[in-house]
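Chemist: only geometry, no sequence info:
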Ligand SMILES: [Zn+2]
């Protein structure tokens, strides 16, 4: 029967070395989550990890997890034996993995948990020159939830300085599984919703380059339902060509001056260029709220004062 062996543990806990030793001479496919993460980071387009916003990093980690899982399933379907170096510290992440594998293919699923002694581990950290990250590494290791048979593994092994020992704890109640599965499903739904919202926002922004929308001159009150190109050609200062939607900048027709805008007033106030709504008059407040609500605020015509009902 095809088999997958997960090897999990904190950084510098000896996973790679253990895999080399324990599975030596066996015809196994070795997959490593770090390779998948690296690939996802590269594909994200961010050159430096430090510059990567947290949500992007999270999406990368999720993609790496999904891609690795898909590859494991594919290899198992080919009848191969797979060894996967993973983190999977949380029971719910492992349950999602085991559920997906069980659903796709009939395979043995085992897991090895690296539990090096304090001395050995500190040595590894020094050897790998990870001293600066020591605190972080130790804290992630504390996050490891030891796998429970209820998660669906055929065998669970604890790898310590004394060797590899089968460790099958008392199975947890069914409720534990149900809670984990519900949590995973909710998380997936939440992320899909967020991604959908982002996608729509990007689509809307893209459409603003070509669709007609309301242009309001904050100085003389003129308004026109025109495209970005039409507006630009008749002298409007308006996003997306001039400035950015949602950020304070001049919103003027071709006949009015920037020096009469809210933007100018704030920039030349001699104070920090921050808008305090309490300091604005009614006209400025209307302008400011419209800008904050862009681009949505420009799609439908505003019913302003003096407009015919
Ligand atoms: Zn004007």
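Modeler: Done, it's in. The structure presented is a predicted model; accordingly, all values stated were derived computationally and were not measured. Numbering: from 1, shown residues only.

Chemist: outline the domain layout of the protein.
Modeler: 3-197, 213-298 (automatic domain parsing).

Chemist: am I right that residue 266 is in a helix?
Modeler: Yes: residue state for residue 266 (DSSP: H, G, I helix; E, B strand; the rest coil) corresponds to a helix.

Chemist: list the residues that contact it.
Modeler: Residue 266 makes contact with 248, 273-275, according to Cβ atoms under 8 Å, 6 or more residues apart in numbering. Every C-beta, even on glycine, is put in place using the N, C-alpha and C of the backbone.

Chemist: on that earlier part again, right, and the domains of the chain - which one's nearest residue 205?
Modeler: Ranking these by distance to residue 205, with Cβ to Cβ as the measure, places domain 213-298 first at 6.7 Å.

Chemist: roughly how far is the longest helix anywhere in the chain from the heart of the chain?
Modeler: Taking DSSP state H as the assignment, the helix of the chain that covers the most residues is helix 174-207. Distance, stretch centre to chain centre, for helix 174-207: 11 Å (Cα atoms, centre = their mean, to the nearest Å).

Chemist: average pLDDT for it?
Modeler: Averaged over helix 174-207, pLDDT sits at 93.

Chemist: now that helix: buried residues?
Modeler: 176-177, 180, 184, 205 (16 or more other Cβ atoms under 10 Å).

Chemist: tell me what it is packed against?
Modeler: helix 91-104 (3 or more Cβ pairs under 8 Å, 6 or more residues apart in numbering; DSSP states H and E).

Chemist: farthest pair in the contacts of residue 266?
Modeler: Farthest pair in the contacts of residue 266, by Cβ to Cβ: 248 and 274, 9.5 Å.

Chemist: out of these two, which sits in the more crowded spot?
Modeler: residue 248 (19 against 8; other Cβ atoms under 10 Å).

Chemist: check the gap between that one and residue 129 for me.
Modeler: As judged by Cβ to Cβ, to the nearest Å, residue 248 and residue 129 stand 48 Å apart.

Chemist: then residue 233?
Modeler: The value you get for residue 233 to residue 129, if Cβ to Cβ is used, is 60 Å.

Chemist: what do you get for residue 174?
Modeler: 45 Å.

Chemist: next one: residue 117
Modeler: Here residue 117 is placed at a distance of 20 Å from residue 129 (Cβ to Cβ).

Chemist: just to revisit the earlier point, next, the angle helix 91-104 makes with the longest helix of the chain.
Modeler: Counting by axes from the mean of the first three to the mean of the last three Cα atoms, to 10 degrees, helix 174-207 lies at 90 degrees to helix 91-104.

Chemist: pull up the pairing partners for the very next helix or strand once past helix 174-207, direction included.
Modeler: Under the assignment DSSP states H and E, the closest C-terminal helix or strand after helix 174-207 is strand 213-216. If you go by DSSP bridges, strand 213-216 pairs up with strand 223-226 (antiparallel).

Chemist: so which bits of the partner strand are buried?
Modeler: For strand 223-226, by 16+ other Cβ under 10 Å, it's 223-224, 226.

Chemist: can you name the residue of the stretch 51-200 of the chain nearest to the ion?
Modeler: residue 200 (31.6 Å; Cβ to the ion).

Chemist: so what's that residue up against?
Modeler: Taking Cβ under 8 Å, 6+ apart, one finds nothing in contact with residue 200.

Chemist: ok, it to residue 295 distance?
Modeler: 12 Å.

Chemist: so how far is the helix or strand where residue 41 lies off the chain centroid?
Modeler: In this assignment (DSSP H and E), residue 41 forms part of helix 33-43. The chain centre lies 14 Å from the centre of helix 33-43; the measure is Cα atoms, centre = their mean.

Chemist: which bits of the stretch 151-300 of the chain sit near the ion?
Modeler: Within the stretch 151-300 of the chain, the positions adjacent to the ion are 217, 219-220, 222, 253, 256 by Cβ under 5 Å from the ion.

Chemist: ends of stretch 79-89, what's the gap?
Modeler: Stretch 79-89 stretches 27 Å from its first residue to its last (Cα to Cα, to the nearest Å).

Chemist: which parts of it are buried?
Modeler: Neighbour-count burial for stretch 79-89 [16+ other Cβ under 10 Å]: 80-89.
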